Structure formats: structure tokens, C-alpha cells
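*Asks:* curious how this folds, go ahead:
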Amino acid sequence: MVSKQGVMLQGTSSHVGKSVLCAALCRIFNQDGYTVAPFKAQNMALNSMVTPEGGEIGRAQGVQAEAAGVLPSVDMNPILVKPKKDMHAQVIVRGTPLADMSASEYRQDYLPRAGEVVQKSLQELRNNYQVLIIEGAGSPAEINLKDNEIANMRTAYWAGVPVLLVADIDRGGVFASLIGTLELLDPWERDLVQGFIINKFRGDLELLKPGLKYLEERTGKPVLGVVPYLFDHGIEEEDSVFLQDRASWGPEDAPLKIAVLQFPRISNFTDLNPLLSLPDTNVRLTKKGEKIGAVDAVILPGTKNTIADLDYLKEEGYEEEIIQLVEKGVHVIGICGGYQMLGKSLRDPGENENTGENREGLGLLNCSTTFFPEKATHEVEARINTREGWLGHLNGEIIKGYEIHMGHSEFLVEKEPLVHITMRSGQKVNVNDGLMAAGGRVLGTHLHDFFANRNVLVAFANALRQEKGLPLISAEDVYFRSREEVYDQSAASVREALDMDKLYKIMGLSQEEYLWS
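*Replies:* Residues are numbered from 1 along each chain as shown. Below is the predicted model:
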């Protein structure tokens, strides 16, 4: 099966909504009867996911694959760059860590040969899917980076697809950003741009029309549509940039309060999403300079650099505050890097965390973590093993999640593990993970998506509710919009906003193949 065509969305800047629009387009073309694959050549993000084979890719492409109704693969995001500290990152190629590199090493040593990897993955997708929905990175007009650029116009050229330029009108200056970006492109790049999409609109469309007319007359390129601001669209965000605009979810006066430490290198923050569905609950991000304060639970989330973010936690005074909260009976839960911080010590003998140093942890769990070059990346199935605390009544029940970590946590005393991992990447295993302490009030696990298991989420919520004298809830009281519903709703909004006839024509797809009505 040979790819018929595709389209690439590039932005006037980062965070203009490309990932969400690509997910919606993946669902639209899936609904219209095509086999669809998403693609992003190079993704710089700390929010990743694991493919069924155990490869690591950007979470946005995993979400887009799900919207397209296909399994994710490493070809959909062949290069993933995960920042570990300023100017240094782990480079993951086709799902496997290649090396830690500085920004200059990446640009000078790796990028000149990265095009071959990108083109190989593009060809693989073209051989197996009819339509490619391709996402750019940042802006194509970064003139200081264009000499080795692989994620925008070169990708469009290699893929042979037209480009639609996306701008975020909610930021202001939408016409300047579109026209300015176009002016900074080389002639061959401008020729690839076949139209514009204005995103995140929440005004009177009639007032915008004179500007749209000017834009089309000035550039000679059409506006394919003005997409409304999709409030709470439910599609998982690509990276933590959007957290800068959010402080909390849920009523501020809610009887239950959960604090989440916003580490500088917070990763896989989508672990928090299920908590946002809990009734009577406020989930607040604790940002630099803020106290945790009076809460019922504290979450230490994942991080791309556990040692660096542990240093941050201590420097900001959170270590002492967390220990005091535990003494008062507050629940503390660590996921992945957060779990490792809760242990007695962290060791980095091979400089896999870019330190080569040891650290004392918070000492709340009887385990010690050592960082190795090998990275565990697995979809997993596990059986709850503990009889302690709020999870005790779930002993023996099955949960699912995924692992992405380089640290190996070793128990320092003989103790029941939190879970037995029974499946990793489709293979049977018998691996212990996670611990509880303080009568079940302190918990740590490497399993991402821990709270996405409804039995775990309800048990946690009821533990908090019982302590506050609130009525207990059941699984039916926790509203999860299904992912299918999320994708269908976003696709419907984007389909209505775009001139689909024009999009099909730009993509070179015939009207006879236009299957929706």
C-alpha cells in the first residue's frame, strides 16, 4: 500500500496547537476511510510514551496514532530529544537512547546525519499508510537554525507534502506572525506553504474577516479556516509548556486538596490527568517559590533528571515541608522519579544523570536507586501485592501502566512490594516494584498511568474522603471521557472550522475519495 498524500502543519511558534490539530486531522481522515499515520521528525519533549515493542516516542505522536486508529511505532517520531539539564539532553533515535549530548554536539555531530533516519522512517510510513499527518517543530523561520533543520521544511520536502502554517490568535499579532514567518522563508519554502490555519479563536468571526481578506490578498495563499478555542479538549498535551498557564484545577474551596510539585524537568505530567476528574477536589501545581501549604496529599511526579530535581526540591525547602506533612498524616505519592526521591539514596556512578554524584533522598521509603545506562521502556501489566494502607483491599487486582526510567530502585529491607509486574512489552516477567510506608500514607512506584486505573483512583479518593468525613464514591462517580469521545469531538470541531474541500484539493485527494457527507 503506497501513501497517496499527506499534509504538514507548521507553526509560527511553539504552542500554537499543532499537536491537537494533527490529532483531530488523524481522526478526520480515519473517519473518511483512509489509513492514517502521524509523523514528527524531531520532537523535543519530556512527555513520552512507549510503543507496544518497547520503543520510546513523543506522547503527542502516540496520541495521534490512537486518534488515527493505528498502533504507535518508532517511525512516527524517529528522533526524540529529552532535556536533562540546561543545554544537555538525551537523544533517542527510533525508540532507543543514542547518547546524552550538549546542544552544540547535537547540532554539529548528529544533525548532519539525522536526515537519513528521518527519510527512512518517512518511507516506511509511506509504504504502509495512505495519508500522513505531519507535525512540524517550533517555527520554520528560525533563521539561526535553518542550516541543519530537519523537522520543518526539509521534512515537508522529503515527504512531498504541502504545508499549512498555523498561528495562535489568542496570543495576539496573528497576521504579523503569519506574514512575518512567510517573509523569512526561502522561495522554495514559501512555495511549499499552501495555506493558513488560525487557531484558538474566541471572538466575533465577522470582525476578523477583513483581516483574513487582507492576509489572502497580501500572500496569495488561502485561509483554510479559523478553529475555535477548544476549551478542555481532553487531548493530552505534548509538553509541559501549557502548565505555565495553569495554577490549579477544580474549585479553590474544594474540601479535598492535592498539591503537585512542578519540578523544573517535570515529565509525563499526564499521570495527573485522572486526578482532575475527582469530585470535591482541587489539584494545584506548586511552583517555584510557593509553599505546599495545607493539603490532603502531595504528588511528586516524574522527572527527566531525578538528581537535579531532588536538588531543586531541597533548595526550595520542600524536603522539610514534606517530612512535616507526613508527620501530620498527609499522603505523599511519588511516581517514577518522584518515587526514587522518596528513597534513602540515589547513586549515579556512570554519570547517567550528568552528575556522577550521590545524593541522600528524603528517606521516607526503604529503597535506594542507582542509575544505569540501560533504559527501561515497557508497557506493563501488574498485580497489586500490598495489604497495607488504602490499596490493601485491592490486593491481587490487575492494573496497567508503563515504565520509562533509567534508575533501578533496590529494596533495603525485606518488605512487600507495592506490585508484582507480570508483563513487560508483551513478555511474561516477575518483577517487584514500588513500596508503601507510614501506614500506607507514603507510596512510590515506577508505573506511569498509575491513577489511570479506575480501581486505584477510587481507592485513593475514598481514603482522602473518609479522612475528611465525606461520603465515599464509586467508579461511576468518576467521569472519564473516553479517548474515542475526545477524538471525535475535537475532529467534529476542526472539520466544521476548516474548508475540507479545499484541504482535500491541496492534498491531491480526489473528490470521489472524499467519503464523509
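
*Asks:* helices of the stretch 351-500 of the chain, start to end?
*Replies:* 454-468, 483-497, 500-507 (DSSP state H, counting those that start in this stretch).

*Asks:* and Gln90, which of the ones you listed is closest to it?
*Replies:* When the helices of the stretch 351-500 of the chain are compared by C-beta to C-beta, helix 483-497 sits nearest Gln90, at 27.9 Å. (Each C-beta comes from the backbone N, C-alpha and C, glycine too.)

*Asks:* so for that closest one, what gets flagged as buried?
*Replies:* Buried residues in helix 483-497, defined by neighbour count with 16 or more other C-beta atoms under 10 Å: Val486, Tyr487, Asp488, Gln489, Ser490, Ala491, Ser493, Val494, Arg495, Ala497.

*Asks:* where does the fourth one land on pLDDT?
*Replies:* In this model, Gln489 is scored at 92, pLDDT.

*Asks:* could we number from 526 for the rest of this?
*Replies:* Got it, first residue is 526 now, which makes that one Gln1014.

*Asks:* how close does it sit to Asp693?
*Replies:* Per C-beta to C-beta, to the nearest Å, Gln1014 is found 20 Å from Asp693.

*Asks:* then the third one?
*Replies:* Shown here: Asp1013 relative to Asp693, a distance of 24 Å by C-beta to C-beta.

*Asks:* below-threshold pLDDT in the stretch 876-1025 of the chain: ranges please.
*Replies:* In the prediction, the stretch 876-1025 of the chain carries residues with pLDDT under 70 at positions 879.

*Asks:* what about 90?
*Replies:* 876-883, 897-901, 913, 931-932, 937-941, 950-951, 1000-1011 (pLDDT under 90).

*Asks:* okay, the buried residues of helix 1008-1022 in CSV with distance to Val606 next?
*Replies:* Output for the buried residues of helix 1008-1022, formatted as CSV (distance: C-beta to C-beta, whole Å):
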residue, distance to Val606
Val1011, 27
Tyr1012, 27
Asp1013, 32
Gln1014, 31
Ser1015, 27
Ala1016, 29
Ser1018, 31
Val1019, 28
Arg1020, 32
Ala1022, 32
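
*Asks:* show me which of those is closest to Pro563.
*Replies:* Nearest to Pro563, judged by C-beta to C-beta, of these is Tyr1012 at 12.3 Å.

*Asks:* ok, that closest one touching Ile553?
*Replies:* No. Judged on C-beta atoms under 8 Å, Tyr1012 makes no contact with Ile553 at a distance of 9.6 Å.

*Asks:* give me the neighbour count for the residue nearest to Val561 when sequence neighbours are not counted.
*Replies:* For Val561, ignoring the flanking residues on the chain, the nearest one in space by C-beta to C-beta, 6 or more residues apart in numbering is Ala593 at 4.0 Å. Around Ala593 there are 27 other residues, counting by other C-beta atoms under 10 Å.

*Asks:* per-residue confidence at Ala593?
*Replies:* For Ala593, pLDDT reads 96.

*Asks:* for it, what are its contacts?
*Replies:* By C-beta atoms under 8 Å, 6 or more residues apart in numbering, the contact list for Ala593 reads Cys551, Arg552, Phe554, Asn555, Val561, Ala562, Pro563, Ile658.

*Asks:* top of the residues you listed by number of neighbours, please.
*Replies:* For the contacts of Ala593, the largest neighbour count, defined by other C-beta under 10 Å, is 31 neighbours, found at Pro563.

*Asks:* which residues sit in contact with it?
*Replies:* 547-548, 551, 585-586, 589-590, 592-593, 601, 657-660 are the contacts of Pro563 under C-beta under 8 Å, 6+ apart.

*Asks:* these, buried ones only, as a ChimeraX selection?
*Replies:* Those of the contacts of Pro563 that count as buried under 16+ other C-beta under 10 Å are selected in ChimeraX with:
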select :547,548,551,585,586,589,590,592,593,601,657,658,659,660
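
*Asks:* helices - which of the contacts of Pro563 land there?
*Replies:* Cys547, Ala548, Cys551, Ala585, Gln586, Gln589, Ala590, Ala592, Ala593 (DSSP state H).

*Asks:* mind putting the contacts of Ala593 into a markdown table with pLDDT and distance to Leu740?
*Replies:* What follows is the contacts of Ala593, written out as a markdown table (pLDDT from 0 to 100; distance: C-beta to C-beta, whole Å):
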| residue | pLDDT | distance to Leu740 |
| --- | --- | --- |
| Cys551 | 97 | 27 |
| Arg552 | 96 | 28 |
| Phe554 | 96 | 26 |
| Asn555 | 96 | 30 |
| Val561 | 96 | 29 |
| Ala562 | 97 | 31 |
| Pro563 | 97 | 28 |
| Ile658 | 97 | 24 |
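
*Asks:* could the helices of the stretch 876-1025 of the chain be laid out in a markdown table, adding distance to Ile617?
*Replies:* Output for the helices of the stretch 876-1025 of the chain, formatted as a markdown table (distance: least, C-beta to C-beta, whole Å):
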| stretch | distance to Ile617 |
| --- | --- |
| helix 979-993 | 29 |
| helix 1008-1022 | 24 |
| helix 1025-1032 | 30 |
